[in-house]
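Colleague: Test case, fold it:
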Amino acid sequence: MIIREDAIYGRQSVDRKDSISIESQIEFCKYELRGGNFRKYTDKGYSGKNTDRPKFQEMMADIRRGLIKRVVVYKLDRISRSILDFATMMETFQEYNVEFVSSTEKFDTSTPMGRAMLNICIVFAQLERETIQKRVTDAYYSRCQHGFHMSGAAPYGFQLEPTTIEGIRTKMMKPDPETADIAKLMFEMYSQPGISFGDIRPLLCRRGHPDLRQGNDTGLYLPTFEKPHLRTG
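Modeller: Predicted coordinates for the structure are as follows:
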């Protein structure tokens, strides 16, 4: 005979350093269980925007195997920030008679009003996630407009120079005196009909450019856009 157990699920995103730790989440949930036995599933460094989380998927598989009777989370948005994913999850819970409990939010899922409040909360959880995403995207766009270098190494033909923009220390790209002419030549070659990426390296090597002849693969950077754009730009 299979004995069904309680399950605790915890999740923490890597980009939310101010969020409560998984360890603290587990302690809150254990209090809800009043000392009973439980299975623990934790996903650290995963977003709640979808269900592509290994331990979440393992928990759902155990539910379908009839091993779990109740799932406890610290807060609703720890298990999902997607309306569609949450609805699908709750359908599975209902199908396998699994109770859902949030240790910091009290929902009575046995009543229509309780289920409605649960759905309203997940709507706001998804809204918060999408608002954060837009704020981050807007911040990147604004920094790019002001000339900030966002991340990564400079492409071949450029170098990064420390600078200060509006009181903020950052880096900007500027032409590299030693390689800028070669980079320009690479663009000119690629813009010609019949010239492919594979043709450029041997052509440059035959012209005696030392970086390429010595096998400096990092130098072979070209944007991946179509030739017509390159010719008309």
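Colleague: Nearest residue to the middle of this protein?
Modeller: Residue closest to the average C-alpha location in the chain (Cα atoms, centre = their mean): Ser47, at 6.5 Å.
Colleague: Next, count neighbours for the closest residue to that residue other than its chain neighbours.
Modeller: Of all residues not flanking Ser47 in the chain, Ser13 sits nearest, at 5.6 Å (Cβ to Cβ, 6 or more residues apart in numbering). All C-beta spots, glycine's among them, are computed from the backbone N, C-alpha and C. Number of residues near Ser13 (other Cβ atoms under 10 Å) recorded here: 18.
Colleague: next one: Tyr74
Modeller: The local packing of Tyr74 (other Cβ under 10 Å) involves 26 other residues.
Colleague: Using the three-state scheme, assign the residue nearest to the centre of the chain.
Modeller: The local conformation at Ser47, judged by DSSP: H, G, I helix; E, B strand; the rest coil, is coil.
Colleague: Which pLDDT value goes with it?
Modeller: At Ser47, the model reports a pLDDT of 86.
Colleague: Tell me which helix or strand Arg70 sits in.
Modeller: Per DSSP states H and E: Arg70 is located in strand 68-73.
Colleague: Could you name the helices and strands sitting against the top helix by length along the chain?
Modeller: What stands out as the longest helix in the chain, according to DSSP state H, is helix 112-145. Contact partners of helix 112-145 among helices and strands, from 3 or more Cβ pairs under 8 Å, 6 or more residues apart in numbering; DSSP states H and E: helix 76-79, helix 83-95.
Colleague: Now tabulate these in CSV and tack on mean neighbour count, mean pLDDT and distance to Leu185.
Modeller: Output for the helices and strands packed on helix 112-145, formatted as CSV (neighbours: other Cβ atoms under 10 Å; pLDDT from 0 to 100; distance: least, Cβ to Cβ, whole Å):
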stretch, mean neighbour count, mean pLDDT, distance to Leu185
helix 76-79, 23, 88, 53
helix 83-95, 15, 87, 51
